[in-house]
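**Q** Quick one: sequence and predicted model below, then my questions.
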Number of protein chains: 2
Amino acid sequence: MNFTFLGTGAGMPAKERNVTSLALGFPEYDGDLWLFDCGEGTQRQILYTPVKLTKLTVIFITHLHGDHLFGLPGILGSRSFHGAESTLQLVGPKGLKEYVETSLRLSGTHLYYPIAINEIETEGKVYENAHFVVTASELDHGIKSYGYRITEKDQKGELLVDKLKEIGIPPGPIYKLIKEQDQVQLPDGTMLETAPFIGEKRKGRIVTILGDTRPCSAAELLARDADMLVHEATFRGDSERLAHDYHHSTSLQAAETARQALAKTLILAHLSSRYQKKEQTALLNEAKAVFPHTYLAHDLWDYQLKLQPRS
Amino acid sequence: MNFTFLGTGAGMPAKERNVTSLALGFPEYDGDLWLFDCGEGTQRQILYTPVKLTKLTVIFITHLHGDHLFGLPGILGSRSFHGAESTLQLVGPKGLKEYVETSLRLSGTHLYYPIAINEIETEGKVYENAHFVVTASELDHGIKSYGYRITEKDQKGELLVDKLKEIGIPPGPIYKLIKEQDQVQLPDGTMLETAPFIGEKRKGRIVTILGDTRPCSAAELLARDADMLVHEATFRGDSERLAHDYHHSTSLQAAETARQALAKTLILAHLSSRYQKKEQTALLNEAKAVFPHTYLAHDLWDYQLKLQPRS
Ligand SMILES: [Zn+2]
Ligand SMILES: [Zn+2]
């Protein structure tokens, strides 16, 4: 699972950081690609990464603030121009559909692929495919803002073919039954307990990607036991009051959420452009004091989250 | 009059050229600033120029294709963030109002200044201030696309104060009358012909900035005697058929329009990203063979058009 941070700034584009977008790629699953948020200029940022718009299957929008949204119509048009024909799924708050349809209609943008828009009406499952379930909960940001929890499905162990051959069961349709069922009746009528013939399973990973938010219990629940939490850190620890007034978090609050949720790794993003390099380091170090396994994202940064080992 | 080319590419952003936007600054008139078109990422391009959003008073949109429009909501929000409070005038095709209002409403963008939107209903005058009149005519681009002709008002000559003093007329309220009227009655009752006491006047400049278009008579009329014509050149001269099919022009056709219109200078912009450096030079040279005084715009290029000399 590859995280490519396309934009890691807040509010307005700056030279150092463009506004928010994060690509999540799955080289382990046919190179499938998702986007989380799509600030203005996202498609130009992509030109500096290996991200391919034709591999894009789902775009999740956390909330409709411009710095998370205004690059969406351009991405939709360019995906079409690049020849994509498969359905693109959009997931986000109510209003997303009107925004997309109005922008495409008035600009005369014709897409050569279908889009399916899922406006979130109730919290819970908002997307599922063969490998993942994604749930959403509402955060605390003044405007409707969602956090997404991506739960990878556990992978069953592999069939231990050599062991089956040893006891005289040759390959055939019965192998499929052995993999799927706890017990299987063999041709001679005896019942086989299948467990000893299945290797170790692989637990799925949990990734939490939050929209802008004040600290809140929903954030903590979404991040519970997550292997990776991507959290906004618009302000430094000393600006808690400012963060509260603007419905944002400080890096310290993000770290506190990661700690409480027993997350494994925290990545901070969505920084205010007021912070120069030195202050950004301070912002990161404040968080690390609370939650040591913290990174600070920067534009075009690529982070790889490995599969869990089989166990 | 300063032309700052913020984006000179067609269709989609490329590394070399962002999508279309042109800033027109008036250092000779209080640093007033206009924008023509506003493709996605325009506000980030501005960070690399001296352009100040707080000086922006008018945005002209030629047409609603995304590569000319999708940067507009971001510009509006950022102008507010930078503290602008004066009214911003928008001029463009029908649909502009719905696009702007929908984008601002759904994204929860609150502007701390008023916007006034003028959707063009009939060709002719679409904007006027103390120094300029702007007229618009419809071009030929499949979607409604306008060209703008900016006519600077002639400046009256200056009062020749020394000459007035020589004949014994001291400074006073009468100077204003002498400047404004053809004849003025002096305190002793005699009539003064004012012409000999007025210096040479300055003729206004004419600038034509066209939206995307096939060659058409409206383009030529808008560019008639223009000191500067900014024209799209999406394709090279050998791709006339392609240009026609996509409702665009070749560099050769742009040059032909400049020649027919007796324009003084031609700047080519809106190039397809298919052309590498060498082909771009060829595209320019083809145009120069027809209209020698031609330039090829590039991103962040600054071109200065001087005041006409007094005569
Ligand atoms: Zn926000
Ligand atoms: Zn166009």
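**A** Arrived safely. Ligands and ions are numbered 1, 2, ... in the order given.
**Q** and the residue nearest to A:E220 when sequence neighbours are not counted, how far is that from ligand 1?
**A** Spatial nearest neighbour of A:E220, excluding adjacent residues (Cβ to Cβ, 6 or more residues apart in numbering or on different chains): A:A261 at 4.9 Å. The C-beta positions use only the backbone N, C-alpha and C, and glycine is treated the same way. Counting by Cβ to the ion, to the nearest Å, the gap from A:A261 to ligand 1 is 21 Å.
**Q** any idea how far A:A261 lies from chain B?
**A** 28 Å (Cβ to the nearest Cβ, to the nearest Å).
**Q** Ok, A:D299 next?
**A** Distance, A:D299 to chain B, by Cβ to the nearest Cβ: 12 Å.
**Q** I'd assumed that residue was in a helix, is it?
**A** No - A:D299 sits outside any helix when classified using DSSP: H, G, I helix; E, B strand; the rest coil, being coil.
**Q** In chain A, what residue comes closest to ligand 2?
**A** Residue of chain A nearest ligand 2, by Cβ to the ion: A:G108 (8.4 Å).
**Q** May I have the phi/psi pair for that residue?
**A** phi 60, psi 30 (degrees, to the nearest 10).
**Q** Next: A:S21.
**A** The phi/psi pair for A:S21 (degrees, to the nearest 10) is phi -160, psi 140.
**Q** And for A:R17?
**A** Per-residue torsions, A:R17: phi -130, psi 130 (degrees, to the nearest 10).
**Q** got the contact list for it?
**A** A:7-9, A:271, A:273, A:298-299 (Cβ atoms under 8 Å, 6 or more residues apart in numbering or on different chains).
**Q** what's downstream of the lowest-mean-pLDDT helix or strand in chain A, the next helix or strand?
**A** Comparing helices and strands within chain A by mean pLDDT, DSSP states H and E singles out helix A:174-180 as the least confident, with a mean of 91. Under the assignment DSSP states H and E, the closest C-terminal helix or strand after helix A:174-180 is strand A:183-185.
**Q** Can you give the strand pairings for that following strand, parallel or anti for each?
**A** Partners of strand A:183-185 in the sheet, by DSSP bridges, are strand A:191-193 (antiparallel).
**Q** Closest to the centroid, which residue in chain A?
**A** Closest to where the C-alpha atoms of chain A average out (Cα atoms, centre = their mean) is A:I209, at 5.4 Å.
**Q** For that residue, what is the enclosing helix or strand?
**A** strand A:206-210.
**Q** who touches the helix or strand hosting A:A289?
**A** Element membership of A:A289, judged by DSSP H and E, is helix A:277-290. Residues outside helix A:277-290 that contact it (Cβ under 8 Å, 6+ apart) are A:233, A:236-237, A:250-252, A:254-256, A:259, A:266, A:268, A:271, A:275, A:294-296.
**Q** Packing partners of whichever helix or strand comes after it?
**A** Following helix A:277-290 in sequence order, the next helix or strand is strand A:294-296 (DSSP H and E). Packed against strand A:294-296 by the contact rule (3 or more Cβ pairs under 8 Å, 6 or more residues apart in numbering or on different chains; DSSP states H and E) you find strand A:266-269, helix A:277-290.
**Q** Using PDB, list the CA coordinates for the longest one.
**A** As requested, the backbone C-alpha atoms of helix A:277-290 are provided in PDB (Å, rounded to 0.1, in the frame of the first residue of the first chain):
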ATOM      1  CA  LYS A 277      11.000  24.800   8.100                       C
ATOM      2  CA  LYS A 278      12.300  25.300  11.600                       C
ATOM      3  CA  GLU A 279       8.800  25.600  13.100                       C
ATOM      4  CA  GLN A 280       7.700  22.600  11.100                       C
ATOM      5  CA  THR A 281      10.400  20.600  12.800                       C
ATOM      6  CA  ALA A 282       9.300  21.900  16.200                       C
ATOM      7  CA  LEU A 283       5.700  20.900  15.300                       C
ATOM      8  CA  LEU A 284       6.800  17.400  14.500                       C
ATOM      9  CA  ASN A 285       8.900  17.100  17.600                       C
ATOM     10  CA  GLU A 286       6.100  18.200  19.900                       C
ATOM     11  CA  ALA A 287       4.000  15.400  18.500                       C
ATOM     12  CA  LYS A 288       6.800  12.800  18.800                       C
ATOM     13  CA  ALA A 289       7.100  13.600  22.500                       C
ATOM     14  CA  VAL A 290       3.600  12.200  22.900                       C
END
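**Q** Most widely separated two among the contacts of A:R17?
**A** A:S273 and A:H298 (12.9 Å; Cβ to Cβ).
**Q** joint contacts of the two?
**A** By Cβ under 8 Å, 6+ apart, the residues touching both A:S273 and A:H298 are A:16-17.
**Q** related to what we said a few turns ago, in three-state terms, label the nearest residue to the residue of chain A closest to ligand 2 once chain neighbours are set aside for me.
**A** Spatial nearest neighbour of A:G108, excluding adjacent residues (Cβ to Cβ, 6+ apart): B:I143 at 4.8 Å. Counting by three-state DSSP, the backbone at B:I143 sits in coil.
**Q** Please settle this for me: is A:L104 part of a helix?
**A** Yes - membership of A:L104 in a helix is supported by three-state DSSP.
**Q** What residues does it make contact with?
**A** A:L104 touches A:73, A:76-77, A:111, counting by Cβ under 8 Å, 6+ apart.
**Q** Return a PyMOL selection command for the buried portion of these.
**A** Remark: buried members of those, expressed as a PyMOL selection using 16 or more other Cβ atoms under 10 Å in any protein chain shown:
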select buried, chain A and resi 73+76+77
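**Q** Inside strands: which ones of the contacts of A:L104?
**A** Using DSSP state E, no member of the contacts of A:L104 sits in strands.
**Q** on that earlier part again, distance of the residue nearest to the centre of chain A from ligand 1?
**A** For A:I209, the distance to ligand 1 - Cβ to the ion - is 14 Å.
**Q** Quickly list the domain ranges of chain A.
**A** A:2-155+A:202-304, A:161-197 (automatic domain parsing).
**Q** Could you tell me the end-to-end distance of the last one?
**A** The distance separating the two terminal residues of domain A:161-197, taken as Cα to Cα, to the nearest Å, comes to 8 Å.
**Q** Flag every buried residue along it.
**A** A:164, A:169, A:174-175, A:178, A:184, A:192, A:194, A:197.
**Q** and which of those is nearest to B:F36?
**A** The nearest one, if we look at these relative to B:F36 and count by Cβ to Cβ, is A:Y175, at 67.9 Å.
**Q** now that closest one, nearest residue through space, not along the chain?
**A** A:L159 (5.9 Å).
**Q** A:G83 too?
**A** Closest to A:G83 by Cβ to Cβ, 6+ apart is A:T54, at 6.3 Å.
**Q** returning to what we had before: as TSV, the contacts of A:L104 with pLDDT would be great.
**A** What follows is the contacts of A:L104, written out as TSV (pLDDT from 0 to 100):
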residue	pLDDT
A:P73	98
A:L76	98
A:G77	98
A:L111	97
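**Q** Which of the contacts of A:L104 sits closest to B:F60?
**A** For the contacts of A:L104, the nearest to B:F60 is A:P73 (20.6 Å; Cβ to Cβ).
**Q** about what we covered before: just confirm the residue nearest to A:G83 is within a helix.
**A** Yes - using three-state DSSP, the assignment for A:T54 is a helix.
**Q** Check the gap between the residue lying closest to A:V133 once chain neighbours are set aside and A:L229 for me.
**A** Distances taken as Cβ to Cβ, 6+ apart place A:T151 nearest to A:V133, at 5.0 Å, with adjacent residues excluded. Distance from A:T151 to A:L229, counting by Cβ to Cβ, to the nearest Å: 13 Å.
**Q** Great, nothing more from me.
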